[in-house]
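>>> Sequence first, predicted model second:
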Amino acid sequence: MIRRVAILISGAGSNMEALVRSMVRDHPARPVVVVSNTPDAAGLARADALGVPAACVDHRPFGADRAGFEAALDAALAPHRPDLIALAGFMRVLTPCFVDRHAGRILNIHPSLLPKYPGLHTHQRALDAGDTQAGCTVHEVTAALDAGPILGQGRVPVLPGDTVQTLAARVRDMEHRLYPAVLRRRCADMRRPLMLP
Ligand code: GRF
């Protein structure tokens, strides 16, 4: 059975593109829609260029009404009948209600070796701590922020002289390898975490 994958973005969409480009030929999944919560996300044009339906559900008119935003998000997703929802640089925290409605079917990529550095500014925190390794994690999304079951991790070295920018670029290259690989395993119901390299 071909899995239908929706991808949620907020920004450049480089992880989205890596996922979309991976879902070809004998891959057991296909991208069905890309949704951004911000209209100026560069990833929307990128999705369009890749031939994937792209939509925007702007969170701003909803203000503090998270349930209202998520109802609109569900309305945008529903016609595409996704089996999986891949968060790829999606910068909104989802409520427990949304997560429950899609329990076990939401994945996220986070730019740190969780459980280290949940939340924001992960690269700065790794540099400040003097870490010699950094990386990224794909995990299942649960109601607890960045704390769901780990499905895969990719490690990269922290090099002398690294800045947030150089480290982020190295981690992002790893994200583009890890996320497609984990998605493929998840579609094959392989639950054992993938560790790269
Ligand atoms: C990635 O580094 C991801 O880990 C983080 O936001 C960034 C998104 O980049 N959550 P992109 O939009 O996929 O290029």
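Sure thing, it's come through.

>>> Endpoint to endpoint, stretch 94-105 covers what distance?
By Cα to Cα, to the nearest Å, the extent of stretch 94-105 from end to end equals 13 Å.

>>> buried ones in that stretch?
Using 16 or more other Cβ atoms under 10 Å as the test for burial, stretch 94-105 gives 94, 98-99, 102, 105. C-betas here are computed from N, CA, C, even on glycine.

>>> close to the ligand, is that stretch?
No - with Cβ under 6 Å from any ligand atom as the criterion, the ligand is not reached by stretch 94-105; the gap is at least 13.4 Å.

>>> Show me how far that stretch is from its chain's centre.
Chain-centre distance of stretch 94-105: 15 Å, with Cα atoms, centre = their mean, to the nearest Å.

>>> now swap in stretch 144-163 and tell me
The answer for stretch 144-163 is 13 Å, by Cα atoms, centre = their mean.

>>> Any stretches of this protein with poor pLDDT?
The chain contains no residues with pLDDT under 70.

>>> and the chain, which residues reach the ligand?
Counting by Cβ under 6 Å from any ligand atom, the chain sits next to the ligand at 9, 11-16, 43, 88-89, 109-111, 136, 172, 175.
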